[in-house]
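Novice: Turn this into a model:
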Amino acid sequence: MHSGYHLTLELLYVSLAGLAFGVLFWLSKSLPIVSLAHGVTNIALFLIAPLKPEILPYLIIGPLFLFFFYAYALDRIKERIAT
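Specialist: Below you'll find the model as predicted:
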């Protein structure tokens with residue numbers, strides 16, 4: 001779907017986003033978390049960014065850090081429960 005626009009930057013972005021979602025799944029082992037991250041990304045990029053393009057970097061980086069932190073915290077909790 002993303003390759004239909006033939007935009008190199010978009011292909012680069014979605015490739016990096018796919019990699020980030022893959023790492024998020026690897027850390028969290030939770031498909032709902034990855035689905036939520038994808039949904040938040042879509043809302044930010046397609047609903048919020050067109051209204052305020054100057055905050056686009058924050059809309060990309062902010063949720064990314066939030067979800068990676070959540071995956072890390074979830075992993076740490078699982079380690080504590082296992083021991």
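Novice: Can you list the low-confidence ranges for this structure?
Specialist: The chain contains residues with pLDDT under 70 at 1-5.
Novice: residue boundaries of the helices in it?
Specialist: Assigned by DSSP state H, the chain shows helices spanning 8-28, 31-43, 56-82.
Novice: Which one, of these, ends up nearest to residue 49?
Specialist: helix 56-82 (4.9 Å; C-beta to C-beta). Heads up, the C-betas are built off the backbone N, CA and C, glycines and all.
Novice: returning to what we had before: next, format the helices of the chain as a markdown table and append distance to residue 50 and mean neighbour count.
Specialist: Conversion of the helices of the chain to a markdown table gives the following (distance: least, C-beta to C-beta, whole Å; neighbours: other C-beta atoms under 10 Å):
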| stretch | distance to residue 50 | mean neighbour count |
| --- | --- | --- |
| helix 8-28 | 15 | 14 |
| helix 31-43 | 12 | 15 |
| helix 56-82 | 10 | 13 |
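Novice: TSV please, covering the ones you listed and showing distance to residue 49.
Specialist: Output for those, formatted as TSV (distance: least, C-beta to C-beta, whole Å):
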stretch	distance to residue 49
helix 8-28	12
helix 31-43	10
helix 56-82	5
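Novice: how close does residue 27 get to residue 57?
Specialist: To residue 57, residue 27 is 23 Å away according to C-beta to C-beta, to the nearest Å.
Novice: ignore the last one, residue 74
Specialist: The gap separating residue 74 from residue 57 is 26 Å, by C-beta to C-beta.
Novice: With residue 40 instead?
Specialist: From residue 40 across to residue 57, the span is 15 Å (C-beta to C-beta).
Novice: Residue 72 reaches residue 27, doesn't it?
Specialist: Yes - with contacts counted by C-beta atoms under 8 Å, residue 72 reaches residue 27, the gap being 6.4 Å.
Novice: Provide a list of residues in contact with residue 25.
Specialist: Contact partners of residue 25, counting by C-beta atoms under 8 Å, 6 or more residues apart in numbering, are 31, 33, 34.
Novice: out of the residues you listed, who's nearest residue 11?
Specialist: Nearest member of the contacts of residue 25 to residue 11, counting by C-beta to C-beta, is residue 34, at 20.2 Å.
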